[in-house]
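*Asks:* Make a model of this:
(chains A, B and C, ligands or ions: 2)
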Amino acid sequence: MKSTSKKVPLIERVLDALAFAATNLAGAMIVVLVMSFGWLVFGRYVLNDTPTWVEQMAMLLIVGITFLAAAVGIYERTHLSVEMITLVISKKAALFLDVIINLMLATFGFALAWYTNDLMSFTQFQKIPLLGISESYRYLPVVISGGLICIFALYRAYQGLTGLFNPASINQVSGE
Amino acid sequence: MGLAILLGFFALLTVIGAPVAFALGMAALAAFFYEGLPLMIGFQRIVSGVSTFSLLAIPFFIFAGELMLHGGIAARLIRLASASVGWMRGGLGQVNVFSSMLFGGISGSAVADTSALGSLLIPVMKEKGYDDDYAVNVTVTSSIAGIMIPPSHNMILYVVAAGGGMSVASLFVAGIVPGILMCLLLAFAARTIAIRKNFPTEPFAGLKAIFISFIASIPGLITAIIVVGGALSGVFTVTESGAIGAIYAIVITAVVYRTLSLKDFWVAVVRSVRTTGLVMVLVGCASAFGYMLALYEVPKLLAHALTSLSDNPIVILLLMNLILLVLGMIMDMAALILICTPIFLPVAVGLGMDPIQFGIMLMMNLGLGLCTPPVGGCLFVGCAIGNVPIEKAVKSIWPFYLAILAALMLVTFVPAISLTLPNWINP
Amino acid sequence: EWKGWNIHNPGYPVTTALESFIADVDAKTDGRVAGRVYNGAVLGSQADSIQMLQIGAIQFAEFNLGPIGTIVPEANVVSLPFIFKSVDHMHRVMDGPVGDELSAAMEKHGIKSLAWYDSGARSFYNTEKPIETPADLDGMKFRVMNNELYVGMVEALGGNATPMAYSEIYQSLKTGVVDGAENNWPSYESSNHFEVAGYYSLTEHLILPECVCVSVSAWNQLAAGDQKIVKDAARASAVLQRKLWAERDKSSREKVLASGVAFNEISNKAPFQNAMKVVYEKAFQDNPTLKPLVQKIQSVD
Ligand code: NA
Ligand code: NA
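*Replies:* Numbers count the residues shown, from 1 in each chain, chains lettered A, B, ... in the order given. Ligands and ions are numbered 1, 2, ... in the order given. Next comes the predicted model:
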């Protein structure tokens, strides 16, 4: 993303690695998801013994895929947003708004991790039917995602702040 | 007051450029907080909105589409379109529309359609002397076929938002005729402009070329048959048919065409993950937002307001279309489907409209929103690919808007266009 | 203002009774306790709304006891196939000490159960043939709700148990993804499943009670007098609901029979009941608290 800088700072290498790990983990999940449905159809027609765990597991996997990918989307700035005001205001003002938004996203990520962690303890002794594991596993990837969103958004906010105080680097920060 | 916080906070966050999904989520949580509701439940709504069985088809359709794209299916479909309609006046414009129609049977999203076909066709069109804004406009508007022609993940969102009970397979089938009708009207608009601007034509490639390119695209087109046919015939449910479509896509591109390397495969996986995450987190946050709307009984209030304005069904339908068009201009399609369906569907059903027809109308209406500024995913992607400023593209896009509006009015007021095919197949 | 969750649509027996319950409470407490019922599950699925009630985000609800079993293990006793001899037997059991015992168990999880509603008896229906003996289920694909006990039941009868979302059943029956499902007469009718699965066999294998519940936190905020008003109103609404249900059960049954559904009673249910031994044993293994409850239920006449 930064062709001009010679050396990538450590923090960025760590965050890159986190985003890479989250993406590939979610990728593995989507492959398992597709294959498990293949197995479901095979079981129903060929074995005449429908695997009863597929549906429940699929609903766990989709949560994992969604929230891991959503966190990476914050880092990579791929979430859809409306660019109405940002196009007409000055670059500096746009950067200021960007910092505000990322601070809010970081708060949201923190709250997401915090409250889904509460949900995890709340549902700890509740079993997912037909899967036999605790309901709290549904929320585990969301807790992780909340943490990632918080970290990623804080880093983007920090980048924005550096840009605000150091106009020379503005162009580097504003786009992905 | 709570409702004002919900809507106001959402509007504010959106305007300053926060990601739409998170703007919905944060506004919902602000309202939860204001009402003294436990925030834990707000987050439960978000997770539970994602963890919904009927939505599983969405990642499957996205994945199958990515595999087909990276496995070279899009290029084969364009070859077929080129051989079939390239000889007509403004040939590449016709090719563009026709490709979208074919590709719509594989891809479930209009933005994917724009980026897949646009990156292949827009450069060629520019090179052959077509105006760049024309190339972008025809690509962008015809990409709505991706939503109208099955499979379509937006249709699944609609069925979920409508509270289930509707057959996804019937809705899929219902989209075919309106999708083709819209493409024909777009082709007509493309041709009219091409004649006035004296754009070139392609030489007729001959029946043999049509035949060969058709044979080469068959394995790709079979995806549509698996997904829609599998669900219609009852071999699979719609969700399963999405997964089987994806498995088929792996087999066909990796084993039969041998165009999908392991690396391509993983690229398709990662891109699917990305798109799935963006769509589904929006769905989750919209479900928390929808929870508050339900709590404030907004659907009831708005429906009441709408029916008190007029008791003429034609006026109400036009009014609904107008509201949706305006909302579609400024908001994202997926979020609008989830929020507007519970509000408008009961009104439409009250007027005697079939929920399937309403769904088709909603898809086309919001599809147009994807092609309009200030918020239009397809328009953005198309302009980026064509390297055309949005203002320039929009200046000359109106004939295409008119074509889609004409199709929209036909779909709104002629139920048979949407309902004949599903009624015939599913007696 | 209390918020109430309900899965059913306006006009359904549960909806009418629940709305009369809260109106009654409002009137008798002079508006100290007022509320509104949100119908059609607009506030979320039953599993989600159980959590909402436990946390106190909603104050009252009408739940089927089946899904309560994932949170309150004791409640799973009603999900054992053929545990009740008849709907009347279920009423006698639930209105007696066993019902109180289940209430106490639910209260520990934040759910205060006030009165028991009715959801009739569930029987198998399918697209192929009348079911007379367990052998008739052999190899057939039956949709079941998400619960090990229901899966175990169909498997013990020799069928292929297929868990599936409720909204997918109609299309799946129509196209043959599954061959059958199971439900009570009113659901069989209102879901239109009778249009596509024309054989209804009166196995009455599950008789699931439902409950009018209040969140424990809302309950504890009530003065003793108001608690009594709320409880009495819930009991009165249960009388109304059971009456409306019986009427609805009858009219639904008449409607589907008039439409040409082939219906048969089971002359001998013993083979079905005997096949459930494995299901019961597995349930006792997983959840020892069920055994004494089963004995108590079976000792009620
Ligand atoms: Na499509
Ligand atoms: Na196109």
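*Asks:* Contacts made by stretch C:268-288 with the rest, please.
*Replies:* Residues outside stretch C:268-288 that contact it (CB atoms under 8 Å, 6 or more residues apart in numbering or on different chains) are C:73, C:76, C:80-82, C:133-134, C:148-149, C:152-153, C:156-157, C:203-205, C:266, C:290-291, C:294. Every residue, glycine included, has its C-beta placed from N, CA and C.
*Asks:* What parts of the stretch 201-350 of chain B come near chain C?
*Replies:* B:231-239, B:291, B:294-295, B:342 (CB under 8 Å from any CB of the partner chain).
*Asks:* do chain A as well
*Replies:* A:44, A:48-50, A:52, A:55-56, A:122-123, A:126-130, A:132, A:135.
*Asks:* Which members of those occur in helices, if any?
*Replies:* A:44, A:55-56, A:122 (DSSP state H).
*Asks:* Among the contacts of stretch C:268-288, which lie within helices?
*Replies:* C:148-149, C:152-153, C:156, C:290-291, C:294.
*Asks:* export those to TSV and tack on neighbour count, distance to residue B:207 and pLDDT?
*Replies:* As requested, the ones in helices among the contacts of stretch C:268-288 are exported to TSV (neighbours: other CB atoms under 10 Å in any protein chain shown; distance: CB to CB, whole Å; pLDDT from 0 to 100):
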residue	neighbour count	distance to residue B:207	pLDDT
C:148	22	61	89
C:149	26	64	92
C:152	21	62	93
C:153	26	61	94
C:156	21	62	94
C:290	22	73	93
C:291	14	78	94
C:294	16	76	95
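*Asks:* Nearest to residue B:248 among those?
*Replies:* Among these, residue C:148 lies closest to residue B:248 (CB to CB), at 33.2 Å.
*Asks:* Now the stretch 201-301 of chain C against chain B: closest residue?
*Replies:* residue C:217 (10.4 Å; CB to the nearest CB).
*Asks:* So that residue is in contact with residue C:111, correct?
*Replies:* No: Residue C:217 is beyond contact range of residue C:111, at 10.8 Å (criterion: CB atoms under 8 Å).
*Asks:* more neighbours, these two?
*Replies:* Between residue C:217 and residue C:111, counted using other CB atoms under 10 Å in any protein chain shown, the more crowded position is residue C:111 (24 against 14).
*Asks:* Right, and ligand 2 sits closest to which residue of the stretch 101-250 of chain C?
*Replies:* residue C:171 (31.9 Å; CB to the ion).
*Asks:* In contact with that residue, which residues are there?
*Replies:* So residue C:171 contacts B:167-169, B:231, B:234, B:237-238, C:177 (CB under 8 Å, 6+ apart).
*Asks:* out of the residues you listed, which is most surrounded?
*Replies:* residue B:231 (30 neighbours).
*Asks:* May I have the predicted confidence score for it?
*Replies:* Per-residue pLDDT puts residue B:231 at 72.
*Asks:* which element follows the helix or strand containing it toward the C-terminus?
*Replies:* Using DSSP states H and E, residue B:231 falls within helix B:230-233. The helix or strand immediately downstream of helix B:230-233 is helix B:238-250, counting by DSSP H and E.
*Asks:* Can that following helix be said to contact chain A?
*Replies:* Yes: using CB under 8 Å from any CB, we find that helix B:238-250 touches chain A at B:239-240, B:242-244, B:246-247.
*Asks:* For residue B:346, pull up the helix or strand it's in.
*Replies:* helix B:333-350.
*Asks:* Quick check: buried residues in that helix?
*Replies:* B:333-348 (16 or more other CB atoms under 10 Å in any protein chain shown).
*Asks:* Stretch A:122-137 now?
*Replies:* For stretch A:122-137, burial by neighbour count (16+ other CB under 10 Å) applies to A:122-123, A:126-131, A:134-136.
*Asks:* swap in stretch B:296-304?
*Replies:* In stretch B:296-304, counting by 16+ other CB under 10 Å, buried: B:296, B:298-299, B:302-303.
*Asks:* ok, so of these, who is nearest ligand 1?
*Replies:* residue B:299 (28.3 Å).
*Asks:* Quick test: name the residue nearest the centre of chain B.
*Replies:* Nearest to the mean C-alpha position of chain B, by CA atoms, centre = their mean, lies residue B:147 at 3.0 Å.
*Asks:* host element of the residue of the stretch 201-301 of chain C closest to chain B?
*Replies:* Under the assignment here (DSSP H and E), residue C:217 is part of helix C:216-220.
*Asks:* same check, this time on residue B:166
*Replies:* Residue B:166 belongs to no helix or strand, assigned by DSSP H and E.
*Asks:* what subset of the residues of chain A next to chain C is also close to chain B?
*Replies:* Within the residues of chain A next to chain C, those near chain B by CB under 8 Å from any CB are A:55, A:122.
*Asks:* residues in contact with the residue of the stretch 201-301 of chain C closest to chain B?
*Replies:* Applying CB under 8 Å, 6+ apart, the residues contacting residue C:217 are C:56, C:110.
*Asks:* re earlier: out of the ones in helices among the contacts of stretch C:268-288, flag the one nearest to residue C:62.
*Replies:* Nearest member of the ones in helices among the contacts of stretch C:268-288 to residue C:62, counting by CB to CB, is residue C:149, at 22.0 Å.
*Asks:* The closest one and residue C:78 touch, don't they?
*Replies:* No: applying CB under 8 Å as the test, residue C:149 and residue C:78 come out as separate, 9.9 Å apart.
*Asks:* Can you get me a residue count around residue 94?
*Replies:* No chain specified, so I'll use chain A. Applying other CB under 10 Å, I find that residue A:94 has 20 neighbouring residues.
*Asks:* wait, chain C
*Replies:* Neighbours of residue C:94 (other CB under 10 Å): 27.
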